[in-house]
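Novice: have a look at this fold, sequence not included:
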């Protein structure tokens, strides 16, 4: 008997039917679209079906692992081929070519656990290109034979045409699908509402790409197709990886359709199929270089963010380190002073922490520090700054917080530490306490350093009074712990 949990984890039958219907309609429409985009010598300009299908299977592996999904895909390809005047045998061979290419690409990609499908590593796109290139070769061998039997094309030209069309389609479409956010429409709305979108500097790379794309149509010569290369690199350096892949897709589609009938802007330079195939190799190379540049930039940005986090945060607790706490705290203090808002600071020191390290070891001490910081964070607001000033001493900056409110926060933090013992690995419990000093900004206080010195003075008073207490700089009377 099947468990209730298994039935809950299984997708609903209605959802399954909708996904299969979606796959069938998608494959059918994209295959018919690709068939309409044929050149005068039966060479397809663009073939999006395989690349879109592979991207969906990578993003939704549950679809790829379902035999019914592949059956629906086969029916979609076959129905699209039979819509025209294609004989049944040729249609079956063309369907086999398309499905085998997607299947091989998916198998190669999923069998490579080191492949970063987010394309945020420089080698990821090249490894991905190697996988779908082998898939294009298999698909081209089968599809080229079908074209050779059905048309008057030369066999080698048919195979080469099929492979290059698949390569340029994969290169342009697959990175867009792999780097797309989980909810692209919501992300687009959020980005559209941001004020920096109207900045000319932010739009300059995309405008330059559009301008050079227009110039490539107006100025004759094969070299004009390389005009958008520099703007593409500019976009890769300026925008996110997903945005760069979208702009690269725009360049590929723009250039391919500009070279096709009825537009076909450069008939004097491109008179044969080999000329068009050569141009497609160039377009695919430019697209691959552009996305690789965007991937390099994304990897660099991630490395910079990681370095900044390491430079600004404590490795053990994840809190702001002393330098970052002072830098960000001084900024917050200045803003509060300009807005005539009160601001307070708390300096916290764990009582008798050195004996804990000596008795239980530094490993237990590190675990205790991490646990304490988690408890303190629960007692603070999102707008508060929390940092480790060194050893077992911490600093808390409370913007828009009066002296009375800050003392109440200090008491809440102190009680959260003292009332809840910490469990050790040997099932023993460790009870700790903390002493806290509170200070509130006055007109005579010059900067954060002076405010922290006042809080330190209150902290020393709390320690001299017996520890496990919170003292305010203007409240000499202590409130003893429970």
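Specialist: Sure thing, it's come through. In this text, all values refer to a predicted model and were calculated from it rather than measured experimentally.
Novice: test my guess that residue 127 contacts residue 113.
Specialist: No. Applying C-beta atoms under 8 Å as the test, residue 127 and residue 113 come out as separate, 11.6 Å apart. Every C-beta, even on glycine, is put in place using the N, C-alpha and C of the backbone.
Novice: residues of whichever helix in the chain runs longest that come out buried?
Specialist: If each helix of the chain is counted by residues according to DSSP state H, the longest one is helix 273-312. Across helix 273-312, burial judged by 16 or more other C-beta atoms under 10 Å covers 273, 276-277, 279-280, 283-284, 286-299, 312.
Novice: which strands and helices lie in contact with that helix?
Specialist: Packed against helix 273-312 by the contact rule (3 or more C-beta pairs under 8 Å, 6 or more residues apart in numbering; DSSP states H and E) you find helix 122-150, helix 155-179, helix 229-238, helix 241-258, helix 322-338.
Novice: so who does residue 317 touch?
Specialist: 369-370, 373, 388 (C-beta atoms under 8 Å, 6 or more residues apart in numbering).
Novice: could you list the low-pLDDT ranges of the stretch 301-450 of the chain?
Specialist: 424-427, 443-446 (pLDDT under 70).
Novice: contact partners for residue 24?
Specialist: 72-73, 75-76.
Novice: actually residue 441, not the one I wrote
Specialist: Applying C-beta under 8 Å, 6+ apart to residue 441 gives the contacts 333, 336-337, 342-344, 451.
Novice: now swap in residue 204 and tell me
Specialist: Counted by C-beta under 8 Å, 6+ apart, residue 204 has contacts 234, 238.
Novice: any idea how far it is from residue 234?
Specialist: Residue 204 is 8 Å from residue 234, where distance means C-beta to C-beta, to the nearest Å.
Novice: and residue 104, by the same measure?
Specialist: Applying C-beta to C-beta to residue 104 and residue 234 gives a distance of 36 Å.
Novice: what does residue 410 give?
Specialist: Counting by C-beta to C-beta - residue 410 and residue 234 are separated by 52 Å.
Novice: for residue 387, same thing?
Specialist: Taken as C-beta to C-beta, the span from residue 387 to residue 234 is 38 Å.
Novice: likewise for residue 310?
Specialist: Taken as C-beta to C-beta, the span from residue 310 to residue 234 is 30 Å.
Novice: compare the contacts of residue 441 and tell me which is most surrounded.
Specialist: Of all the contacts of residue 441, residue 344 has the most neighbours under the rule other C-beta atoms under 10 Å, reaching 28 neighbours.
Novice: surely that residue is in a strand?
Specialist: Yes. With DSSP: H, G, I helix; E, B strand; the rest coil as the criterion, residue 344 is assigned to a strand.
Novice: residue contacts, it?
Specialist: By C-beta under 8 Å, 6+ apart, the neighbours of residue 344 are 397-398, 401-403, 405-406, 438-441.
Novice: picking up where we left off before, who has more neighbours out of residue 387 and residue 234?
Specialist: residue 387 (24 against 19).
Novice: which helix or strand contains the more buried one?
Specialist: For residue 387, the host element (DSSP states H and E) is strand 385-390.
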